[in-house]
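Asker: Sequence first, then the predicted structure:
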There are 2 protein chains.
Amino acid sequence: MAGSSTKRRPYQVAETIKRWIVEKHLKPGDRLPGEAELMGQLGVSKGTVRESTRVLEAQGLVETRTGPGGGAFVRAMSEARAISLLSHYLFFQDISIRDIYQIRLALEPELAASLAGRVGPEDMSRLRASLESYTDIARDDEEERQQHLDSLNFHLMLAELSGNNPLLCFIIRFTTQVLADLTIYRRLYEPATHDLGQTGCRFHAELLDAIEAGDAERARRIMREHMLSAQAVMNAQEAQVRRDFLSET
Amino acid sequence: MAGSSTKRRPYQVAETIKRWIVEKHLKPGDRLPGEAELMGQLGVSKGTVRESTRVLEAQGLVETRTGPGGGAFVRAMSEARAISLLSHYLFFQDISIRDIYQIRLALEPELAASLAGRVGPEDMSRLRASLESYTDIARDDEEERQQHLDSLNFHLMLAELSGNNPLLCFIIRFTTQVLADLTIYRRLYEPATHDLGQTGCRFHAELLDAIEAGDAERARRIMREHMLSAQAVMNAQEAQVRRDFLSET
DNA sequence: ATCTATTTGTACGTATGTATT
DNA sequence: AAATACATACGTACAAATAGA
């Protein structure tokens, strides 16, 4: 294989800059050379430099600001962007609800266990307060839909609280996000799910007790039962996940 | 909310094109309008169109070809690129070996179970053949390192075989990739791990038996024990994951 | 509050590379 | 082998945004 550079210039430049970030141990907030300097140092035109910057920006590695002192700055990719990018990957892969729940069933109990005894009192009451919105049975479809979103949000809050293991946190938030996305746009929640909110609420309440008591094994077991119960309901409606990109908010 | 477009033009254009892909149900291989047409339809200049194309390309949504009949084509993002993009996210997140194994411990048994009775004879023998390379004890460090890579590759092959649940497959391949990456560049594998290859090989062999027999529960249990055993060894060396981007191959 | 300097953002024109026919 | 259609790259000019005097 000859050394002929098969990639196009903007990508060569982007790769070079990535190497700089690694080798020079650049941290979020650090400034990269400006367009003019890059043009000079790398011997490319302005347009090429800009295309490179867009690439790095699209990948979430830098952000750019105009004006004096502006330029391209190293940036820690937001979790929202990472989720969005992963949804780009799954766009052409056929994911089913079943797939999502296979993951949740394996991971959520793990998260619950790792949280036992590690949630402060103020977060604890925030979690308990959030249960209120779906203790009572829903009047209409609209309310039920909202309850389901609130219930999913409970899981997002749990993931948020577990600062340790960012990867676990990310995966859980991603799966939850996909489910929430489905709930918003589709009538995913129609038949025979009316009491899912009720039972879900009970599971959540028991789970909080176990977490507060610091009983990791009990938390794990409760969450597992919770997932199995939800999975059974969801598997009934063997839906294909909607083809869309998740937005970045 | 006012329609004031806070984002810059290339991103507006990229978003527009993404909407086209969703709404028109474009599939991989479908061609997007050429630069000239986009310039006309969207009322932007050539440079802006090109920056937009780079953004979509960086996100793995399109590829571009030169020459007659060339242009930008819709493309299903490769798993390799998705892994690379996710590694960009984790770059600033401080992941530990412990974190990786927490995920593996939860997911690998699930994968093993889902594979039981679903692997064809030819794949079965490929898997068995791969065991050969680490049945015998390693002579030197170099050989041991290679054995560890082969052993990880076994898990990659398993993930590959499980076509169902692309997301599960992706996550497992990602975690394995991170470990392989560490093994290549660092001396992760030094102390007290000499028999890890041996015991790992035994686990793998037993696992294949269970899979061939179609015994999902047994496969799950064996893989779980395998992960627990490896985790115990790895937790000894509480290493921080190396700061680097995973390459796209 | 206004101006000014700095730096990115957008547009346009032109030339070159590359693959298809 | 040549013509064609398309992306790729360069250079310049000007617009917009922002920090600081």
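Answerer: Now that the structure is in, tell me what you want to look at.

Asker: The residue in chain A that DNA strand C sits nearest to: neighbour count?
Answerer: Residue nearest to DNA strand C within chain A: A:Gly34 (3.1 Å; C-beta to the nearest atom of the strand). C-betas here are computed from N, CA, C, even on glycine. By the measure other C-beta atoms under 10 Å in any protein chain shown, the count of residues near A:Gly34 is 13.

Asker: dump the residue contacts of it.
Answerer: A:71-72 (C-beta atoms under 8 Å, 6 or more residues apart in numbering or on different chains).

Asker: The same query, at a cut-off of 6 Å, please.
Answerer: A:Gly34 makes contact with A:Gly71, according to C-beta atoms under 6 Å, 6 or more residues apart in numbering or on different chains.

Asker: Check A:His204 too.
Answerer: A:131, A:154.

Asker: quick one: buried residues of the host helix or strand of it?
Answerer: Using DSSP states H and E, A:His204 sits within helix A:196-213. Residues of helix A:196-213 classed as buried by neighbour count (16 or more other C-beta atoms under 10 Å in any protein chain shown): A:196-197, A:200-201, A:203-204, A:206-208, A:210-212.

Asker: Can you pull the residues of chain A lying near chain B?
Answerer: Proximity of chain A to chain B is confined to A:10, A:18, A:22, A:47, A:51, A:54-55, A:58-59, A:76-77, A:82, A:85, A:88-89, A:92-93, A:95, A:99, A:102-103, A:106-107, A:110, A:165-168, A:244 under the rule C-beta under 6 Å from any C-beta of the partner chain.

Asker: Mind doing that once more with 7 Å?
Answerer: A:10, A:18, A:22, A:28, A:47, A:50-51, A:54-55, A:58-61, A:76-77, A:82, A:85-86, A:88-90, A:92-93, A:95, A:99, A:102-103, A:106-107, A:110, A:165-168, A:171, A:243-245 (C-beta under 7 Å from any C-beta of the partner chain).

Asker: In strands, which of those fall?
Answerer: Nothing among the residues of chain A next to chain B maps onto strands, per DSSP state E.

Asker: need the contact list for A:Leu26.
Answerer: A:20, A:74 (C-beta atoms under 7 Å, 6 or more residues apart in numbering or on different chains).

Asker: again with the one 5 residues further on
Answerer: When the contact criterion is C-beta under 7 Å, 6+ apart, the partners of A:Arg31 are A:71, A:73.

Asker: Show me what it is bridged to.
Answerer: A:Phe73 (DSSP bridges).

Asker: could you measure it against chain B, distance?
Answerer: Relative to chain B, A:Arg31 is positioned 16 Å away (C-beta to the nearest C-beta, to the nearest Å).

Asker: Then A:Gly163?
Answerer: 10 Å.

Asker: Setting aside sequence neighbours, what's the nearest residue to that residue?
Answerer: Of all residues not flanking A:Gly163 in the chain, A:Cys169 sits nearest, at 7.8 Å (C-beta to C-beta, 6 or more residues apart in numbering or on different chains).

Asker: Run a quick check on that neighbour versus A:Met157, I expect a contact.
Answerer: No - at 11.5 Å, A:Cys169 and A:Met157 do not qualify as touching, with contact defined as C-beta atoms under 7 Å.

Asker: And those two? Which one has more around it.
Answerer: A:Cys169 (22 against 13).

Asker: How about the contacts made by A:Gly200?
Answerer: Here A:Gly200 is in contact with A:151, A:226, A:230 (C-beta under 7 Å, 6+ apart).

Asker: make it 8 Å
Answerer: Here A:Gly200 is in contact with A:134, A:151, A:226, A:229-230 (C-beta under 8 Å, 6+ apart).

Asker: Sort those residues by pLDDT and name the bottom one.
Answerer: Among the contacts of A:Gly200, A:Tyr134 carries the weakest pLDDT, at 83.

Asker: Can you report how many residues neighbour the nearest residue to that one once chain neighbours are set aside?
Answerer: Distances taken as C-beta to C-beta, 6+ apart put A:Gln147 closest to A:Tyr134, at 4.0 Å, once the chain neighbours are dropped. When neighbours are counted by other C-beta under 10 Å, A:Gln147 registers 22.
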